[in-house]
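J.: Test case, fold it:
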Amino acid sequence: MFYGAKGGRIRMGNTDMDYLSFGSGPKKLVMIPGLTDGIKTVRGMAVPMALSYRKYSGEYKVYMFSRKNLLEKGMTTRDMARDLKIALDELEINRADVLGVSQGGMIAQYLAIDFPQLVRRLVLTSTISRQNEAIQAAVNSWINLAERGDYPELMTDIAEKSYSDGYIEKNHLRMFYPLLGRIGRPKHLDRFLIQAHSCISHNAHGLLDHIQCPTLVVGGGADKIVGGHAAEEIAGKIPGSRLLIFEGAGHLVFSETKDFDREVLRFLCSDR
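T.: Presented below is the predicted three-dimensional model:
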């Protein structure tokens, strides 16, 4: 009924990985979400995601993967890419387009670097290839809040930094901030902390020229988390990549910009 939306789990050693799928298209699209996956996985989100990304359901069978549920301390974004490859092998997905957002974009970089035969086309959105002051400031502040167990302030700060000021004011988002700390609280924030530390140690910059598949790099000019120039830095290192900047948009550029899905689909469906 809702674009064939369903959820699933893949066993991985002593833990498992949540994923969802929807769509009926002939091609496969793998979506990798950002750092808030450390707070809530995609479990139970199949229908909402299918509705949010319904524009992709005609061209693609879409899969969205969380990180595995039990993460080892010290895990890196490269380790997470290897876990994702295991999941894709389990589902017999050996060739796909890949769209990674924020930390998902960091994982997607390593997926394309280490498993080039897997990635047909790559979209990197609101992400970094190496550290900068913006991401260090944002993520370290969240690590401090998580270590203190201050979930309400953590969620408020994530929301404040995820959107541009103009979008926040236009949509009166701050009036909803008090609700953020009351819903969806996990039992603990250990999983979030491991993922957060992997973000502030990510550095694939020197390997980006190994990415040979067609690549679209998308950024928001008012991104408070990765900064306004991270996308340009990535595009400058990936051979033949295309750069798309939405001026005035924040980190969640796909939420703020109506043209995001259209431009991504145009790129993914292009023969060039």
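
J.: After the helix or strand bottoming out on mean pLDDT in the chain, which helix or strand is next?
T.: In the chain, the helix or strand scored least confidently by mean pLDDT, DSSP states H and E is helix 177-180, which has a mean of 88. Counting by DSSP states H and E, the next helix or strand C-terminal to helix 177-180 is helix 190-199.

J.: Which elements pack onto whatever helix or strand comes next after that following helix?
T.: Sequence order places strand 215-220 as the next helix or strand after helix 190-199, per DSSP H and E. Packed against strand 215-220 by the contact rule (3 or more CB pairs under 8 Å, 6 or more residues apart in numbering; DSSP states H and E) you find strand 119-125, helix 230-235, strand 242-246, helix 253-256, helix 260-268. (Glycine included, C-beta is placed from N, CA and C.)

J.: Export those to CSV and append columns for mean pLDDT and distance to residue 72.
T.: As requested, the helices and strands packed on strand 215-220 are arranged in CSV below (pLDDT from 0 to 100; distance: least, CB to CB, whole Å):
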stretch, mean pLDDT, distance to residue 72
strand 119-125, 98, 25
helix 230-235, 98, 27
strand 242-246, 98, 35
helix 253-256, 96, 30
helix 260-268, 97, 33
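
J.: and these as CSV, adding mean neighbour count and distance to residue 15?
T.: Formatted as CSV, these follow (neighbours: other CB atoms under 10 Å; distance: least, CB to CB, whole Å):
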stretch, mean neighbour count, distance to residue 15
strand 119-125, 23, 25
helix 230-235, 22, 31
strand 242-246, 18, 36
helix 253-256, 21, 29
helix 260-268, 17, 31
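
J.: Let me know which of the ones you listed is the nearest to residue 59.
T.: helix 260-268 (6.8 Å; CB to CB).

J.: What residues sit buried inside the least confident helix or strand of the chain?
T.: Buried residues in helix 177-180, counting neighbours by 16 or more other CB atoms under 10 Å, are found at 177, 180.

J.: got the contact list for that helix?
T.: Identification of contacts with helix 177-180 by CB atoms under 8 Å, 6 or more residues apart in numbering yields 152, 155-156, 159-160.

J.: closest one to residue 201 among the helices and strands packed on strand 215-220?
T.: Ranking the helices and strands packed on strand 215-220 by proximity to residue 201 (CB to CB) places helix 230-235 first, at 15.9 Å.

J.: Now for residue 13, how many residues are close by?
T.: Around residue 13 there are 9 other residues, counting by other CB atoms under 10 Å.

J.: ok, so what distance separates it from residue 66?
T.: Relative to residue 66, residue 13 is positioned 16 Å away (CB to CB, to the nearest Å).

J.: same check, this time on residue 182
T.: 23 Å.

J.: Grab the longest helix from the chain for me.
T.: Ranked by residue count, the top helix of the chain under DSSP state H comes out as helix 133-148.

J.: what residues does that one touch?
T.: 35, 128, 153-154, 157-158, 161, 189, 192-193, 196-197, 199-200, 223-227, 230.

J.: Go again with 6 Å.
T.: Contacts with helix 133-148, where a contact means CB atoms under 6 Å, 6 or more residues apart in numbering, come from 128, 153-154, 161, 189, 192-193, 196, 199-200, 225-227.

J.: go on, stretch 48-57?
T.: Residues from elsewhere that reach stretch 48-57, judged by CB under 6 Å, 6+ apart: 2-3, 5, 20, 22-23, 62, 64, 261.

J.: try 8 Å
T.: When contacts are defined by CB under 8 Å, 6+ apart, stretch 48-57 is touched by residues 2-5, 20, 22-25, 29, 31, 42, 62, 64, 261-262, 265.

J.: Restricted to strands, list those.
T.: Counted as lying in strands by DSSP state E, out of the contacts of stretch 48-57, are 20, 22, 29, 31, 62, 64.

J.: pretty sure residue 211 contacts residue 122?
T.: Yes - the pair residue 211 / residue 122 is scored as a contact, 6.8 Å apart, by CB atoms under 8 Å.

J.: picking up where we left off before, let's see if you can find the most crowded of the contacts of helix 177-180.
T.: Highest neighbour count within the contacts of helix 177-180, by other CB under 10 Å: residue 155, with 22 neighbours.
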